[in-house]
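1. just the structure for this:
(2 chains, ligands or ions: 2)
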Amino acid sequence: MTSNGHLIEIENVSKSFGSHLVLDGIDLAISTGEAVVIAGPSGSGKSTLLRCINGLETIDEGDIRFDGHSVPGAGKDVFRLRAEIGMVFQSFNLFAHKSVLQNITLGPIKVKGLSESDANGLARDLLERVGIPEKADDFPADLSGGQQQRVAIARALAMEPKLILFDEPTSALDPEMIREVLDVMRDLAHDGMTMIVVTHEMGFAREVCDRIAFVDEGRIVEEGEPKAFFEGAKSQRAKDFVDKILRH
Amino acid sequence: MSELWEVLVRHFPEFRSGFLVTLQLVAVSFAIAIGVGLFVGALRVAPVRWIRWLGGLYVEFFRNVPLLVLLSIAYLGLRRAGIPIGPWVAATASLGLYTAAYVAETVRSGVFAVGKGQIDAGLALGFTYGRVLSQIVIPQAVRSVIPPLGSLIIAMIKNSAIIGAVFALADDLLKEARLIGSATFQYNEVFFWAAIGYLLLTVSVTFAIRAIERRLVVRR
Ligand SMILES: Nc1ncnc2c1ncn2[C@@H]1O[C@H](COP(=O)(O)OP(=O)(O)O)[C@@H](O)[C@H]1O
Ligand SMILES: [Mg+2]
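-> Numbers count the residues shown, from 1 in each chain, chains lettered A, B, ... in the order given. Ligands and ions are numbered 1, 2, ... in the order given. Model (predicted):
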């Protein structure tokens, strides 16, 4: 951690795909233990921002520091960095040829060198924690979306990350399954996990997160505590967004 | 009916030898097709554009030239050009390299079927590219490649009949059958047994592929 207590410092970050400017001077700092929601319309650059934090995309300008070190564009360091940052995807992305247990143990065994028995023990504990211990030997295709996403969260947790990035973790779920995933995330936040969550779930944002950053066209238009954001958004963009989301 | 058996019994040694030659032709061509096909398939999914282009060039050439023309080039053309290539090499190389183009395309689609999401998930865990390949992409690509590979082997077995039919490149099952036929004039009986010989090979492949598939199935 840096002297000012921030686990992540994003400074003036810009990124283009070809001639399309997707991130346009993003500034954001997040402390250990904070849960920050990133909201904004589709195509505003939210996923790209998350992917820049763990080096799945490289930035064109600015600096992203994680735990005091700049996120490397390439080389061995980027793999080491990713092992410390979990990521949960909208489409779960479980490994289709591995059982639930193997999905969770693969990272700890291959990347952290855990023994198979230690990793299995860890995985079973985590499955308990996300509420599906009985699914250890099933394959992803046999699970519901909500169960798959909980396995994906367990897979991320198994690496004992310092930060977890959630990219619309409930957007691909049927309404009745959203709750079970949000509950797991809520528990994580209460246990002090540092997390950045891209989501349209404004209930979660209001009740669980410490801060909301509203992104539009690659810029953070508004940033603050949930209460202030929902009740007194300053920008028209954010106001419209809140109105639209809350009406649905 | 008795004539049918009689032909088989009387000419069994020739049938047998033709069958074994076809088996060898197919086995060697298959090894070439898999070896070259995997290599070219790897080129087709390489992260460097000109390497992908090279693989594409191979595939388009060997897929779009008739097998008979490849055989002609290999056997007649190269010999005329002073390259002393034997009939066996010409036959297996043509059939193997031709089939390799299809194997390469199968490999490519198998790799793409794995999907970017799982690759991202592997990278996000801190896997290197090599580990993503060995742990996630290849095991799944192998599974999805097996069924189409079976069809390719069967097509190759059938295509191998061209080899005995032209240039007398090898004394394979079809060629032996034609020789027996012209000696006995019992064409119907002779080609019936030739068909049975090819069926024996293709049906065995079908069963082998099914057995492998059952063991490796990817659940989705
Ligand atoms: N790999 C890529 N190549 C080209 N354009 C991309 C790529 N990824 C995202 N984009 C574009 O960047 C913009 C922002 O995308 P994204 O970060 O996914 O937005 P969000 O997650 O907020 O919906 C979109 O216009 C999208 O089409
Ligand atoms: Mg997105």
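2. check the residue of chain B found nearest ligand 1 and give its pLDDT.
-> Residue of chain B nearest ligand 1, by C-beta to the nearest ligand atom: residue B:116 (9.5 Å). Heads up, the C-betas are built off the backbone N, CA and C, glycines and all. pLDDT recorded at residue B:116 is 91.
3. ok, how many other residues are close to it?
-> 9 (other C-beta atoms under 10 Å in any protein chain shown).
4. can you check residue B:215 too?
-> For residue B:215, the neighbour count with other C-beta under 10 Å is 9.
5. one more: residue A:84?
-> 15.
6. show me what contacts it?
-> A:66-67, A:159, A:161-163, B:126 (C-beta atoms under 8 Å, 6 or more residues apart in numbering or on different chains).
7. now do 6 Å
-> With contact taken as C-beta atoms under 6 Å, 6 or more residues apart in numbering or on different chains, residue A:84 is in contact with A:161-162.
8. what bridges to residue A:167?
-> Counting by DSSP bridges, residue A:167 is bridged to residue A:198.
9. now do it against ligand 1, distance only.
-> 7 Å (C-beta to the nearest ligand atom, to the nearest Å).
10. confirm that residue A:44 lies within a helix, as I assumed.
-> No. Counting by DSSP: H, G, I helix; E, B strand; the rest coil, residue A:44 is not part of a helix but coil.
11. from what I see, it and residue A:215 are in contact.
-> Yes. Taking C-beta atoms under 6 Å as the definition, residue A:44 is a contact partner of residue A:215 at 4.8 Å.
12. got the end-to-end distance for stretch B:63-74?
-> Taking C-alpha to C-alpha, to the nearest Å, stretch B:63-74 runs 16 Å from one end to the other.
13. I should have written stretch A:47-58 there, sorry.
-> Stretch A:47-58 has an end-to-end distance of 13 Å (C-alpha to C-alpha).
14. in it, what counts as buried?
-> A:47-57 (16 or more other C-beta atoms under 10 Å in any protein chain shown).
15. and if you look at stretch A:81-100?
-> Quick answer for stretch A:81-100 (16+ other C-beta under 10 Å): A:81-83, A:85-100.
16. now residue B:70: closest residue in space, sequence neighbours ignored.
-> residue B:94 (4.4 Å; C-beta to C-beta, 6 or more residues apart in numbering or on different chains).
17. surely that neighbour meets residue B:71?
-> Yes. Under the criterion of C-beta under 6 Å, residue B:94 makes contact with residue B:71 at 4.7 Å.
18. after the host helix or strand of residue A:81 comes which helix or strand?
-> In this assignment (DSSP states H and E), residue A:81 forms part of helix A:76-83. Following helix A:76-83 in sequence order, the next helix or strand is strand A:85-88 (DSSP H and E).
19. pull the distance from that following strand to the chain's centre.
-> 6 Å (C-alpha atoms, centre = their mean, to the nearest Å).
20. what's residue 45 in contact with, if anything?
-> Since no chain was named, I'll use chain A. A:22-23, A:218.
21. wrong one, chain B
-> Neighbours of residue B:45 in contact, by C-beta under 6 Å, 6+ apart: B:108, B:111.
22. measure it to residue B:111 for me?
-> 5 Å (C-beta to C-beta, to the nearest Å).
23. likewise residue A:115?
-> Counting by C-beta to C-beta, the separation of residue A:115 from residue B:111 is 31 Å.
24. which of these two has more neighbours?
-> Set side by side, residue A:115 and residue B:111 show more neighbours around residue B:111, with 21 against 10, by other C-beta under 10 Å.
25. please identify the helix or strand for the more buried one.
-> Short version, using DSSP H and E: residue B:111 is in helix B:87-113.
26. noted, bye for now.
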